[in-house]
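Asker: coords please:
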Amino acid sequence: MKRKIKDSLADEENETAFYFSSSEDIIISKLKWYELGNKVSERQWFDVVGVIKVQGDSLDKEYLQTWAKKLGLWGLLRNAFEDAGIRL
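Answerer: You can find the predicted model right below:
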C-alpha cells in the first residue's frame, strides 16, 4: 500500500521532486490508526470521513476495498463511506 503522488517544484536552476501520500492511502492509514486506538479517536474518524467527502468520486474505490479487506478494515471503510454520505 504505497500509492504516492509525485510532484515537482522547479526554478531556473533546480528541480526538486517530492511525494505526497494518495488520498486512498491516507484513508487506509487513518482507519488503521483508528482501529489500533480502540476506535475512540474522533479525530482519526472525522479525518477519514472528511477525505471521503472532499475526494468523493475521484477515489479509487477498488484500491480502497482491496486494502481494507486485506487489513481487516472492510467494515470500518463501509461505515466511513456511509457517514460521508457517499456510495462505496
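Asker: all strands of this protein, in order?
Answerer: With strands called from DSSP state E, the chain shows them at 4-10, 15-21.
Asker: mean pLDDT for these: which is lowest?
Answerer: If those are sorted by mean pLDDT, strand 4-10 sits at the bottom with a mean of 57.
Asker: tell me which helix or strand of the protein sits lowest on mean pLDDT?
Answerer: Sorting the helices and strands of the chain by mean pLDDT, DSSP states H and E puts strand 4-10 at the bottom, at a mean of 57.
Asker: low-confidence stretches in the chain?
Answerer: Across the chain, the ranges flagged by pLDDT under 70 are 1-12, 17-18.
Asker: helices of that one, residue ranges please.
Answerer: 23-36, 42-55, 61-70, 74-84 (DSSP state H).
Asker: gap between the residue nearest in space to the middle of the chain and T16?
Answerer: Nearest residue to the geometric centre of the chain (C-alpha atoms, centre = their mean): I27, 2.2 Å. According to C-beta to C-beta, to the nearest Å, I27 and T16 sit 27 Å apart. Backbone N, C-alpha and C define where each C-beta goes, glycine included.
Asker: contacting residues around the residue lying closest to F81 once chain neighbours are set aside?
Answerer: Excluding the flanking residues, the one nearest F81 by C-beta to C-beta, 6 or more residues apart in numbering is L88, at 4.1 Å. Taking C-beta atoms under 8 Å, 6 or more residues apart in numbering, we find L88 in contact with 61, 64-65, 77-78, 81-82.
Asker: chain neighbours aside, what residue packs nearest to L73?
Answerer: Once flanking residues are discounted, L73 sits nearest to L31: 4.7 Å by C-beta to C-beta, 6+ apart.
Asker: ranking the helices of the chain by burial, who's on top?
Answerer: Highest mean neighbour count among the helices of the chain (mean count of other C-beta atoms under 10 Å): helix 23-36, with a mean of 19.
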